[in-house]
Each structure stands twice: as structure tokens, then as C-alpha cells.
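Student: show me the folded form of this:
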Amino acid sequence: MATVIDLSAALASTFSHDANIRQQAEQHLDHLKESNFPGYLASITNELGNEERADDIRQAAALQLKNSVDAKDAARRQDLMLKWQGTDAALKQHIRDVLLRCLHSPKGDVRKTTALVIAKIANIDIQSNAWPTLIPTLLNNMAAQPPAPVGTRQATLTTFGYICEEIDESLLSSENVNMILTAVVAGMGESEQDEVRLAAITALTNAIHLARNNFEVETERNYLMTVVCKCTLASSQPMRVAAFQCLQQIADNYYSKLQSYMTELYGLSTKSIKDDEDEVATQAIEFWSTVAEYELDMMDDGKDDQCKNFTASAAEYLLPLMLECLTKQDEEALEDEGTWNRAMAAGFFLKLLARICKDRVVPQVLPFVTGNISSPDWHFREAATFAFGSIMEGPSPASLDQFVRAGLPFLTNALKDQHRVVRETTAWALGQVFEHLHGNEAENQHPIVPKESIPALLSALVASLKDEPRVVYYVCDALRYLALGFQSPDGETTPLSPYLKDLVQNLYEAAERFRRDQCDAAVGHWDPREGAKAQIAAFEAINDLVRSSARDTLEFVGTLLQVVLSAINANLETQITTHQAAEKMATLQGQFCGMLQVCMERLCRSDDARAALIPFRDKIMETLLQVMARTQSGAGVHEEAMLAVGTFTVAVGSDFEKYLPGFMPFVRAGLQDHMQWQVCLSTVGVLGDLCRAVGTAIWPYCDELVSIVLANLGSPNVHRNIKPELLTVLGDMAFAIEGNFAKYLDAVLTILRQAMAMSIQMVSSGDYDTYDYNNMLRRGIMDAFSGIVQGLADDLTKGTNLGPASRDRLMAELPAVFQFVSSIGADKTGGDTYDEDVARAAISLLGDMCSVLPGAGVALANSSSKEWTQVIQFILSCGDDSLSSNNVNWAIEVLRKATNGAYF
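Tutor: Numbering: from 1, shown residues only. Prediction:
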């Protein structure tokens with residue numbers, strides 16, 4: 001076996017307070033891991049199994065071992081799995097033995113960390129049945145006579161929980177699942193110690209999704225439900241919390257089986273909500289939120305017939321409870337933004353109730369609001385305001401109309417309330433009104449925000465921009481939704497037009513105030529994170545005000561663009577001396593680039609305003625190139641600057657050709673920036689914009705671009721969400737450079753064939769979790785093929801240049817393409833319907849091929865897979881809107897003629 005090295009000092013240094021010592025230790029361990037992986041594994045395992053070592057060293061060893069077999073990044077995790085599988089069998093068995101022995105350690109923290117490591121290795125080993133003794137050994141720990149120590153039983157149950165959470169359920173036999181559940185439920189027995197029972201109920205929560213067969217058998221289901229329900233009454237508070245968390249998972253996984261238990265669950269949950277400690281009451285409310293969200297999902301999916309209406313049936317009794325809970329705010333907890341308690345859970349559930357019960361909730365909530373909105377106790381004022389805002393989504397505008405009109409003056413005045421929490425909730429409630437009602441009034445209704453009320457309303461909101469950051473954050477949201485509610489596409493004016501300049505100015509001043517406070521530690525009146533959020537919200541509000549602006553404000557938007565350009569250039573002159581200062585400047589420059597992008601987008605909606613951009617083109621591009629040149633790794637500016645260039649290409653069209661030499665190095669860098677995958681994704685989108693803007697002018701750069709795109713498509717290190725967009729951009733390039741794309745045809749068609757096979761395989765698996773991604777992949781495949789066919793169309797139809805060879809190559813792909821489109825028609829993962837965008841793209845692709853490739857229609861009619869016809873029937877059933885999109889109507893007519901109407 002591998003040589004063991006003493007790593008205790010290095011492991012101890014990994015949690016040193018000195019960053020330099022930590023870094024040196026981590027580098028030493030990483031070097032050993034890369035240069036001598038077996039020796040590294042043997043050494044850290046030795047440290048973990050040594051009972052004489054300090055607890056923190058053993059925990060550090062366990063974490064190092066975990067990170068040797070697992071990672072967050074999927075590609076990295078796959079590499080580590082292969083590395084473990086290739087490790088010497090004797091060494092792996094030694095590591096497993098040490099881990100199982102550590103479950104008996106007298107040190108609780110070591111046992112708990114070991115349990116996680118066992119689950120991570122089990123996730124690899126069970127796939128190949130490489131650790132057949134694991135489950136039997138754990139079961140023996142629970143069944144041992146005399147009983148194993150409490151710590152061992154607790155750690156074993158924790159291990160079961162982690163394993164069930166980690167491992168794909170298909171890898172565990174029903175026999176193993178039953179034995180695990182039996183051991184876990186036995187651990188919940190009242191004769192067990194509280195720490196064992198808590199580990200058991202937590203393990204059951206993680207394993208409940210594996211109990212499908214058990215929940216189909218009434219006696220087994222009854223037994224499981226009885227055991228869990230008893231735990232909600234346990235003397236231990238953590239046990240009661242865990243029991244309601246388990247019930248949430250049961251509701252989410254076995255909703256259809258709950259009917260006969262709801263009376264008891266109602267009684268247990270309402271008792272806890274009224275009488276138990278805050279943590280327990282919060283989880284009891286969360287149980288009802290889980291049920292409500294499940295029912296809303298069914299309604300959204302058109303499955304009303306499967307909905308048991310548990311929430312609606314209990315609403316009359318639950319609603320008063322929720323309103324009472326709203327008044328039980330913990331003032332200290334409210335200062336911690338991450339806190340989740342009874343009052344917050346009740347507010348969230350009230351929003352769900354409003355969406356389910358709609359108009360029914362209004363008369364029940366109205367008395368609570370009117371009775372408490374002016375209470376001398378801030379708890380009740382805030383609760384009334386929260387209740388008001390919580391029912392803005394769900395009930396009809398007509399049912400809320402008088403209620404809201406009467407409430408708006410109270411809310412406007414409450415922005416000056418003496419208590420910060422009331423002001424914060426008031427700003428949030430105004431945002432809810434503007435988001436859900438403003439602009440959505442019925443035809444015969446007067447505006448919720450009448451023109452005459454705007455001056456007072458804006459005065460109050462602008463004054464609140466000088467408040468604390470948590471209030472300002474919601475004030476910015478309210479201003480955003482107010483502007484969006486007045487938006488009229490290409491309208492001459494809006495009620496906000498006279499105020500746009502002052503609103504933008506005040507929002508910018510608010511953002512600057514929070515930026516200065518973050519830079520000046522002496523000023524810090526609040527958490528810098530809250531100031532940063534408010535700063536971002538202010539910029540987002542400015543952007544939405546600009547997006548919603550009318551034609552009579554375009555002159556101001558043009559002026560704002562120049563101001564933003566000047567600000568970006570001024571920042572470029574700022575001397576940066578620290579990494580922290582560089583990050584803050586990068587954030588600010590990113591926000592300015594976002595504003596610049598929005599200003600360009602708004603001006604481009606008008607031909608006159610677009611022409612007004614001409615004098616500033618060179619300055620805009622020069623500025624954006626400088627921003628990208630100054631970008632430091634991970635700073636975030638690159639993405640916003642890249643997106644701004646994408647908008648700029650739309651603004652200038654083919655004239656962007658002059659900027660290609662200076663910009664293309666950044667495109668290359670962005671495409672190769674795999675670590676910041678969102679930057680890479682944005683770059684791919686901008687490359688598509690470029691191709692559409694400059695057309696054949698992109699041709700001199702295509703050798704390198706196509707090479708990078710194909711390398712990215714084949715790399716496991718590239719985030720999978722980028723890959724469909726990479727396929728799309730190949731279509732954009734093909735369409736832009738036309739017949740020149742024949743040079744890359746063989747390589748690209750090979751990649752597309754592999755992508756189609758992957759898509760078909762996803763359909764075969766029937767895995768709903770991959771359904772959305774498969775639709776993304778399908779769009780990328782079809783965009784690529786359509787771009788290729790349309791780009792080569794002239795040569796294909798005329799037989800010029802490489803047209804004949806390209807035609808033969810594409811004809812050879814027809815069977816695979818037809819099978820791919822038929823797999824879309826055969827896909828029932830999403831039920832009896834299809835994604836409309838995917839269906840339209842599929843029909844358009846078939847139309848393109850049949851219009852350009854001779855004999856394609858006959859080949860389609862004679863293809864063995866006929867499910868493509870289901871896609872056409874689906875689109876025909878969707879009505880005129882679907883037919884008019886993406887030339888679908890044209891494509892259907894092409895297909896009708898090409899197949900002699902055989903399937904129409």
C-alpha cells in the first residue's frame with residue numbers, strides 16, 4: 001500500500017487565522033494530491049483514523065478526503081470519480097474500513113464528518129457494486145446486541161440519511177430501501193435517546209423519496225405517518241422541528257396519499273402554530289406552504305382534477321392564524337436579513353393563500369388591515385401592511401379596487417413611520433400594488449394610480465431614497481414597477497415623463513451615497529451588504545425608468561447616455577491601489593455599462609434617436625474596449641461591457657465592421673473563459689449579434705472562432721448551459737458567411753449528430769429533470785441546422801461552388817434529422833403537450849430542408865419515424881399565434897407540398 005506521510009501539521013495549518021499559513025498548507029496538500037494521489041489518500045486517512053489526533057485535525061482530514069472524491073462542478077466531480085475508481089483496490093478497501101471504524105469514534109464531530117465522507121464514496125462505489133458490505137455493516141450497527149453506543153447509532157443513522165440524499169434511487173434495491181427504512185424508523189422509537197431519534201427522523205426526511213413502494217401499501221404508509229406524527233409531539237424541540245420538516249417532504253412526494261391524514265395533520269400543525277416555540281411553528285406553517293405550492297403547480301399545469309384542494313378547504317381556519325402570526329415579529333431577528341421565523345413564514349403562506357383562494361381572501365383580510373394599520377403598536381402596523389401587500393397577487397383587480405384606493409394614502413404616509421421595519425414593509429407593499437395591479441386595471445376601471453396622485457406619491461418615494469438601505473431597496477422596486485405599469489410601447493408620453501429627469505437624478509444620488517459609504521469605513525451606519533443591494537436596486541430602477549420612457553423623453557435619454565459615458569471614462573482614470581478597491585470599481589463600472597446598454601436599447605427603438613447615436617459611436621466603442629481591457633479576473637465588468645457591445649452592434653449594424661479588429665480579441669477571451677461561465681455565455685450571445693450585424697465581414701475570423709466553438713462543445717469543462725447557445729452561434733456564423741461555411745460542414749455536422757443522439761437518449765430516459773435542458777439543446781441543434789441550410793441555400797439550389805458536395809453531405813444527415821424531430825413528437829416527459837418554441841423551430845427546420853434539398857420531402861414521407869406529424873398537429877391546434885411565428889405557416893405549406901399532403 002502507499003507510503004504514509006505525517007500530515008498533522010499541514011492539516012492543522014488549514015484552519016490557521018493567518019491567511020498566508022493557510023494558503024501554504026493548502027498548496028502543500030494540493031501538490032501532494034496531484035503528485036502522489038495514493039500516498040495522499042493513505043496519509044489523510046491515517047490522520048482521520050488516529051484517535052490520538054486532535055478533533056480539528058481529524059475533521060480537516062475528513063474534509064480533505066471528501067474533496068478528493070467530490071466537487072460542486074459536475075465536470076470536476078466526474079474527474080474525481082474516475083480518479084477514485086482507478087485507485088488501488090487494497091487502498092480503497094483500507095479507506096472504507098477506516099471510515100466505518102470512525103463511526104464508532106467517541107468524538108461526535110469526527111463521526112458526523114465521517115458519515116458525509118462515507119456517503120460521497122458510496123455514491124461512486126454503489127454504481128459499480130464496489131462496496132457490497134456497506135449497507136449490511138451499517139444495518140449491523142443498528143441491530144447489534146447488546147446495542148451499540150448511542151454515538152455509533154446516531155452516526156449510523158446520519159450516514160443512512162446522507163447516503164439516501166446522495167445516491168440515485170435506481171441504484172438501491174427495494175430490499176435495501178426496506179431495510180434502511182426499517183432501521184431508520186426503529187431509531188425513531190420512544191425508547192431511544194433524543195440524539196438518536198433526531199438523527200433517525202432527519203435520515204427519514206432524506207430517505208422519504210425512496211419510500212414510494214411503501215407509501216403504496218396502506219398498512220406501511222399508516223405506520224410511517226403514525227411514527228412521524230408522533231414525533232411532532234416529542235418533548236425535544238429539535239425533534240418536533242425535524243418532524244414537520246419530514247412532513248413537508250412527505251407532502252411534496254406523496255401529496256396524492258395525504259387525504260386520510262389531513263384532519264390529524266391540520267390539528268397537529270395548528271396546535272404547533274398557536275402554542276409551540278417559534279422554530280416549530282415556523283416549520284408547521286412551512287408544511288402548509290409545501291401543500292399550497294404543490295397545488296398551485298398542479299393548477300398551473302392544468303391538472304385541477306388531481307388537486308385535492310387541501311389549502312382552500314382549510315383556508316377559512318388557517319387565515320386568522322396566519323394574520324395573528326404576522327404580529328409576532330422578533331425585532332432582533334428582523335435586523336438579520338437571513339432570518340426566517342413564524343411571522344415571515346406566515347406572510348409567505350398568506351401570499352400563497354391569496355393565489356389559491358383569490359377573491360375569497362379579501363373580505364377576511366380587510367378587517368385585519370383596517371383595524372391595525374393605524375395601531376400605536378408597530379408590530380400591528382407592520383403586520384397590517386404586510387397582510388395588505390401579501391394579497392395583491394391572486395384576487396381580481398376589481399375585488400381589490402376600493403381596498404387599494406383607500407389604502408394607498410395610508411401607505412404613502414407610512415413611508416414616514418417612526419419605525420424602520422414599518423417603512424420597509426410599506427415600501428415593499430407599494431411595490432406589490434404597482435407590480436400586480438397598476439397597469440392591469442379592467443377596461444372600465446379608473447387607474448389605480450391616477451395622474452393627480454403622482455406628485456404626492458413621487459415626493460414620498462423620493463424622500464424615502466434618503467432612508468436606510470433596506471427601505472431604499474424596496475423604494476427602488478416600487479419606482480421600477482410604477483414606471484413599468486405606465487409603459488406604453490412607442491407611446492408619445494406617459495404620466496411619468498415630466499418627472500423622469502428628477503427621478504433618475506435622485507436614484508443616482510442614492511446609489512452614490514451607498515457606494516461612498518462602502519468605500520469609507522468610518523461612515524458605516526449599516527451592513528455594507530445592505531448598502532450594496534440598495535445601490536444595485538437604484539441602478540436597476542434607473543434602467544427600468546429608461547426602458548419605460550416615452551418618445552417625449554428621448555432627448556433626456558440621449559443626454560443620460562453621454563453622462564454615463566463620461567462617468568465610465570472618469571472611473572477609468574481612477575488609480576486603483578488594492579484588490580478590494582478594484583472589485584468595487586469593477587462593480588460600479590458594470591452598473592454604468594448596464595445603464596449605457598439600456599440607453600442604447602431605448603434609443604434604438606426610434607429611427608430618429610438611433611441616428612442621433614452616430615456622433616458618439618466611436619466614443620462608445622472606445623470606452624467599452626477600455627473597460628474590458630481593464631477587467632481583472634472575476635471582477636464582473638467584462639460581462640456587462642460585453643453585453644453592452646452586443647446592444648451596440650444592433651445599433652450600428654453593418655457599420656460595426658470597422659470595430660472588429662479591436663473587439664475580436666475580447667470575443668476570443670470571452671469564449672475561452674470557462675471558469676466564469678456566464679461571461680462565456682454572454683460572449684456567445686454577442687458573437688451571434690455580431691454575425692447578424694456584419695454578415696460576411698466576420699469571415700476572416702471564422703477559422704479561429706469555429707475552432708474555439710467546436711473545442712468548447714467537446715470540452716467537459718464548459719458549463720452545459722453554454723453548449724446549446726454554441727450550437728446556435730454556429731448557425732449564426734453559417735447564415736452570415738453563406739457558402740464559405742462549407743469549409744466547416746463536416747466537423748459541424750459530426751457535432752450535431754452527437755448532439756441529436758444525446759437529445760434522443762434524454763427522451764429515452766424519461767427523466768423530467770433533463771426536460772428543460774433537452775429543449776434548450778433541441779433549440780440549439782435546430783438553430784444550427786437552419787442557419788447552415790439557409791446560409792448554403794444559394795449554392796445548394798444553384799449547384800455553385802461547393803454546393804453539390806454540401807448537398808450530398810446534408811442529404812446523408814436527413815435520416816438522423818428526421819429521427820431527431822420525431823423524438824420530439826414522441827417525447828411525453830412533459831405530458832401531452834410540447835414546448836411551443838421547440839415545436840415551431842422543428843417545423844421551420846423541416847420546411848427549410850424540404851425547400852432546399854431535392855428529395856427531402858419524399859425522404860420525410862418515407863421515413864420510418866412518423867412522430868414528427870404530432871408536432872405539426874400540436875402547432876395547428878395552438879391557433880393563429882403559433883402559425884404566424886417563425887414562418888411556421890410557410891413551412892407547413894412547404895411540407896404539405898413536399899409530402900403530397902400525406903400527413904395533413
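Student: which elements pack onto the host helix or strand of Ile737?
Tutor: Secondary structure from DSSP states H and E places Ile737 in helix 722-737. Judged by 3 or more CB pairs under 8 Å, 6 or more residues apart in numbering; DSSP states H and E, the packing partners of helix 722-737 are helix 677-694, helix 702-714, helix 745-765, helix 771-798. Just so you know, the C-beta spots here come from the backbone N, C-alpha and C atoms, and that holds for glycine as well.
Student: quick one: which of those helices is nearest Leu507?
Tutor: helix 677-694 (25.2 Å; CB to CB).
Student: contacting residues around Leu572?
Tutor: Leu572 makes contact with Thr623, Gln626, Val627, Arg630 under the criterion CB atoms under 8 Å, 6 or more residues apart in numbering.
Student: which strand or helix spans Glu622?
Tutor: Counting by DSSP H and E, Glu622 is found in helix 617-630.
Student: how about that helix: buried residues?
Tutor: Using 16 or more other CB atoms under 10 Å as the test for burial, helix 617-630 gives Arg617, Ile620, Met621, Thr623, Leu624, Leu625, Val627, Met628, Arg630.
Student: how near is the last one to Val598?
Tutor: Arg630 sits 22 Å away from Val598, going by CB to CB, to the nearest Å.
Student: cool, the fourth one as well?
Tutor: Taking CB to CB as the measure, Thr623 falls 15 Å from Val598.
Student: got the contact list for the spatially closest residue to Asn176 that is not a sequence neighbour?
Tutor: Of all residues not flanking Asn176 in the chain, Ile135 sits nearest, at 5.3 Å (CB to CB, 6 or more residues apart in numbering). Listed by CB under 8 Å, 6+ apart, the contact partners of Ile135 are Asn176, Met179, Ile180.
Student: ditto for Gly731
Tutor: Asp783, Ala784, Phe785, Ser786, Gly787, Ile788, Gly791 are the contacts of Gly731 under CB under 8 Å, 6+ apart.
Student: again, only this time at 6 Å
Tutor: Contacts for Gly731 (CB atoms under 6 Å, 6 or more residues apart in numbering) come out as Asp783, Ala784, Ser786, Gly787.
Student: show the pLDDT at it.
Tutor: With respect to pLDDT, Gly731 scores 97.
Student: which non-adjacent residue is nearest it?
Tutor: That would be Gly787: by CB to CB, 6+ apart, it lies 2.5 Å from Gly731.
Student: next, work out how far apart the one you found and Gly847 are.
Tutor: Taking CB to CB, one finds Gly787 at 14 Å from Gly847.
Student: go on, Pro528?
Tutor: The value you get for Pro528 to Gly847, if CB to CB is used, is 56 Å.
Student: give me the more crowded residue out of these two.
Tutor: For Pro528 versus Gly847, neighbours defined as other CB atoms under 10 Å are more numerous around Gly847 (26 against 14).
Student: does the most far-flung residue of the chain relative to its centre count as helix, strand or coil?
Tutor: Distance from the C-alpha centroid of the chain peaks at Pro146, with 49.2 Å (CA atoms, centre = their mean). Secondary structure, DSSP: H, G, I helix; E, B strand; the rest coil: Pro146 is coil.
Student: ok, now which ones touch it?
Tutor: Contacts of Pro146 (CB under 6 Å, 6+ apart): none.
Student: which residues are in contact with stretch 805-821?
Tutor: 742, 745, 749, 753, 756, 792, 796, 842, 853, 859-860, 863, 865, 868.
Student: would CSV of those with neighbour count be doable?
Tutor: Below are the contacts of stretch 805-821 laid out as CSV (neighbours: other CB atoms under 10 Å):
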residue, neighbour count
Ala742, 21
Leu745, 18
Leu749, 19
Arg753, 15
Met756, 22
Leu792, 27
Leu796, 24
Ala842, 29
Leu853, 22
Ala859, 19
Leu860, 26
Ser863, 17
Ser865, 16
Trp868, 24
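Student: sort those residues by pLDDT and name the bottom one.
Tutor: For the contacts of stretch 805-821, the weakest pLDDT value sits at Ser865, with 81.
Student: contacts only, for it.
Tutor: Gln819, Ser822.
Student: quick one: the residue nearest to Asn176 and Asn309, what's the gap?
Tutor: Distance, Ile135 to Asn309, using CB to CB: 41 Å.
Student: can you check Ile250 too?
Tutor: Ile250 is 18 Å from Asn309, where distance means CB to CB.
Student: one step back: and the furthest pair within the contacts of stretch 805-821?
Tutor: Ala742 and Ser865 (28.4 Å).
Student: which SSE is the nearest residue to Ser16 once chain neighbours are set aside in?
Tutor: Distances taken as CB to CB, 6+ apart place Arg22 nearest to Ser16, at 5.2 Å, with adjacent residues excluded. Using DSSP H and E, Arg22 sits within helix 19-35.
Student: what's the helix or strand that comes right after that helix packed up against?
Tutor: Next helix or strand after helix 19-35 toward the C-terminus (DSSP H and E): helix 37-49. Packing partners of helix 37-49 (3 or more CB pairs under 6 Å, 6 or more residues apart in numbering; DSSP states H and E): helix 55-67, helix 89-102.
Student: list the buried residues in helix 37-49.
Tutor: Within helix 37-49, judged by 16+ other CB under 10 Å, the buried ones are Phe37, Gly39, Tyr40, Leu41, Ala42, Ser43, Ile44, Thr45, Asn46, Glu47, Leu48, Gly49.
Student: try stretch 665-677
Tutor: Residues of stretch 665-677 classed as buried by neighbour count (16+ other CB under 10 Å): Phe666, Val667, Arg668, Ala669, Gly670, Leu671, Asp673, Gln676, Trp677.
Student: in strands, which of these fall?
Tutor: Under the assignment DSSP state E, those contribute nothing to strands.
Student: which of those fall in helices?
Tutor: Judged by DSSP state H, the subset of the buried residues of stretch 665-677 located in helices is Phe666, Val667, Arg668, Ala669, Gly670, Leu671, Trp677.
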